[in-house]
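In: Make a model of this:
(3 chains)
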Amino acid sequence: MADEVTPTWEEIARTYGRFLYSVAYRLTGNSDDAQDLVQETLLRVRKGLGGYRPGSMEGWLSRIATNAFLDDVRRRRRRPLELLPEEPDRITPRARAADADLEAQVLPDDVQAALHRLPPEYRSAVVLSDVVGLSYQEISEALDVPVGTVRSRLHRGRALLKKALA
Amino acid sequence: MNRLVRTGVALAAVAATAAPAAVVGQEPAADPLQAAGRAAEQLSFVGVLQVLWSERGQERSESLVVHGANGSVVVKGGTAVMAFADQRLVEHADDWNLLWPSGRAAADRPAATRKYQLVEFAGPLVANRASRGVEVRTRAGRVVERLYLDQETDLLLRRDQFEGGQSPSRTVAFESLTIGAPVTTPPGPAEFKDAAPQVLSASRLPAGVSAPVALADGYQRVGLFQRAGVVQAVYSDGLYDLSIFEQQGSLDRRGLPRDARVEVGDERGWHWAWPGGHVVLWEDEGTVLTAVSDAPLEQVLAAVRSLPPAGASPSLLRRLRQVCRALVQPLAA
Amino acid sequence: MIGDHLGDLLSALVDGELSPAQSAAAQAHVARCPSCAAELDDITTARALVRALPALEPPFGFYERILRGDRRQAPAPSRWAWTNRRVAAAAVGSAAAAVVLLGLAPPHDTPVTPPVNALVEAHATGASLGSDPLSRLAPIGVPVTFRR
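Out: Modelled structure (predicted):
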């Protein structure tokens, strides 16, 4: 972004629409909700464009999308947001032999289904880290939680994923 | 993966040895499924259930934990389902939905013995418990189910469904089970969303809905419901339930798989298997229909093909659409 | 560390979030701890599987919709609000005109997507009342995605 011109939201929508759709799909698990999430994200972009800081556009957009996603999750829940334990449980690892060919056999659809079964807070951490590629610091800023929490949610999410796929 | 396949093979082996030999057994004293249902409601138990099914030629398997205590049964896999007396709730991502409140779901099904023959046989050990076997056959002698009930309590230990062939096409079976041990009441929801249907009266069906009193092969209508504009007509032959869901509109065909086509009368529809049975989807004159059942596919197709067209007594709106189409065609030419 | 094991530091290790000194210490531990080694393997696999997920192609009409800024008025429905989700914008043309002249509401085709998962659950839970509940309910506990 050498010339520091703030892109219009239409430019953002055209250039990053597909990226946003992918992220939104990995968060919501279905096409309709993904499209709604993209709409909501772009709406927030329109409103908050004054706060745009040049840098990673993907990172900034993912942050808005993930917060929109979690806001929606919290709004639909009729119980208060459960507090996640800060101490992660010990995960009992599987015997190694069975895993040897796991990557070769697992289809993207299976991974998506397993991802969708994760609690939304864990799923968000996994998506921001492993789909978008943000660092722990960036995820911590995006979700407004300490880095230690990012690490434990990510770790727990990955462990649950592996368990669901084996 | 390997572990699941091995377990699947072990369960299949039970099925093979458990097939009744030459001896014709006696008619079981009471309807075994009713007895099993009562047992599930009355007992305290904890177990792991395995569900085996076939999807696009691939064997699939999933394990679920089930708790029963104080009249409440919760089955938990990726989704949780709860039965408490005649209420049914389903949970997704922490949201519980009450699908059937007390007294609402269909009741009064025909007796299974009208269409099927139930034959008892000596059962093997299932989940380390002595069982009695019940084989369910059509009048023509074809085996459609083998049920294994706990000898002591009548709880259903295993259900194999057959659709042609020696091995079951679907199985639900306890891998492990403890009955009677002190068990805490399964966790139920503190709150839930109301997803209950309205009961529809047969004399006041919405326009465009086809829901005759009976379908082919002994399926009788036992309930009519509506949820958010979707009508559900429930049919039963005494053993299987078959629901036909109907929505007004035209089917959005995007994303439907091309390799799942099936003939439904004059229309071509789509078919899927799910872990508990079959789904057939098709459209007819402005109505989208979805049939869901755990009956064998053959029976599901026969039943849906016997559904009279939704347009048999067309609504005013449908007649108008037909008039409009007739107007447009010469104009478009 | 939790007790004698690395726990979520294993994820930090794989993600390159540890300092060189911390990484070295963690790797030394993994070398002598089979439990952490196996857990590291699991985490690495899960991470790799998600990182390998392909980018998705948005469905037909997506860009039009987002550029128009279409928003549904109601909040996004729950899986049980089976309202039609997409209404075809196209008018029916001369037929509509002809019908409007007659003073009647123009017909429209609303593309409908049956919520198959929800229908299956409604059916199977109801069916469990006529029969043994366990064998009818267990299949619903298996989450299934009907491919659209």
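In: Where in chain A is the helix or strand with the lowest mean pLDDT?
Out: Between all helices and strands in chain A, the lowest mean by mean pLDDT, DSSP states H and E belongs to helix A:102-105, at a mean of 58.
In: next SSE after that helix?
Out: helix A:108-116 (DSSP states H and E).
In: any residue of the following helix or strand past that next one up close to chain C?
Out: From helix A:108-116 onward toward the C-terminus, using DSSP H and E, the following helix or strand is helix A:120-126. Yes: interface with chain C: helix A:120-126 contributes A:Val126 (Cβ under 8 Å from any Cβ of the partner chain). For glycine as for every other residue, the C-beta is placed from the backbone atoms N, C-alpha and C.
In: and helix A:120-126, what's its mean pLDDT?
Out: pLDDT averaged over helix A:120-126 equals 94, rounded to a whole number.
In: Show me the shaky parts of chain A.
Out: With pLDDT under 70 as the threshold, chain A has low-confidence stretches at A:1-6, A:49-55, A:76-105.
In: Show me how far the helix or strand encompassing A:Val23 is from its chain's centre.
Out: Using DSSP H and E, A:Val23 falls within helix A:9-28. Mean C-alpha position of helix A:9-28 versus that of the full chain (Cα atoms, centre = their mean, to the nearest Å) differs by 13 Å.
In: The next helix or strand after that helix packs against which elements?
Out: Following the chain from helix A:9-28 toward its C-terminal end, the next helix or strand by DSSP H and E is helix A:31-48. In terms of contacts (3 or more Cβ pairs under 8 Å, 6 or more residues apart in numbering or on different chains; DSSP states H and E), helix A:31-48 is packed against helix A:9-28, helix A:57-76, helix C:62-68.
In: closest one to chain B among those?
Out: Ranking the helices and strands packed on helix A:31-48 by distance to chain B, with Cβ to the nearest Cβ as the measure, places helix A:57-76 first at 6.8 Å.
In: Now do that closest one against helix A:31-48, angle only.
Out: An angle of 110 degrees separates the directions of helix A:57-76 and helix A:31-48 when computed by axes from the mean of the first three to the mean of the last three Cα atoms, to 10 degrees.
In: Need the residues that contact helix A:57-76.
Out: The set of residues that contact helix A:57-76 without belonging to it, under Cβ atoms under 8 Å, 6 or more residues apart in numbering or on different chains, is A:12, A:15-16, A:19-20, A:23-24, A:27-28, A:37-38, A:40-41, A:44-45, A:48, A:52-53, A:81, A:120-121, A:124, A:127-128, A:132-134, A:138, A:141-143, B:93, B:95, C:75-76, C:78.
In: And the helix holding A:Val23, what's buried?
Out: Of the residues in helix A:9-28, those buried by neighbour count under the rule 16 or more other Cβ atoms under 10 Å in any protein chain shown are A:9, A:12-13, A:16-28.
In: and it, what other elements does it pack with?
Out: Under the contact rule (3+ Cβ pairs under 8 Å, 6+ apart), helix A:9-28 is packed against helix A:31-48, helix A:57-76, helix A:108-116, helix A:120-126, helix C:62-68.
In: Relative to B:Thr171, which of those is closest?
Out: helix A:108-116 (21.5 Å; Cβ to Cβ).
In: domains in chain C, as residue ranges please.
Out: Each domain of chain C is listed here as a residue range: C:9-51, C:113-143, per automatic domain parsing.
In: would you list every one of the strands in the stretch 151-300 of chain B?
Out: B:156-161, B:170-179, B:193-194, B:198-199, B:214-215, B:219-227, B:230-236, B:241-248, B:250-251, B:261-264, B:267-274, B:277-284, B:287-293 (DSSP state E, counting those that start in this stretch).
In: out of the domains of chain C, which comes closest to chain A?
Out: Closest approach to chain A among the domains of chain C is made by domain C:9-51 (3.3 Å; Cβ to the nearest Cβ).
In: That closest one close to chain B?
Out: No: where contact is defined by Cβ under 8 Å from any Cβ, no part of domain C:9-51 touches chain B; the two come within 13.0 Å at best.
In: thinking again about what came up before, would you show me how to pick out the buried ones of the contacts of helix A:57-76 in PyMOL?
Out: Restricted to buried positions by 16+ other Cβ under 10 Å, the PyMOL selection for the contacts of helix A:57-76 reads:
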select buried, (chain A and resi 12+16+19+20+23+24+27+28+37+38+40+41+44+45+120+121+124+127+128+132+134+138+142+143) or (chain B and resi 93+95) or (chain C and resi 76)
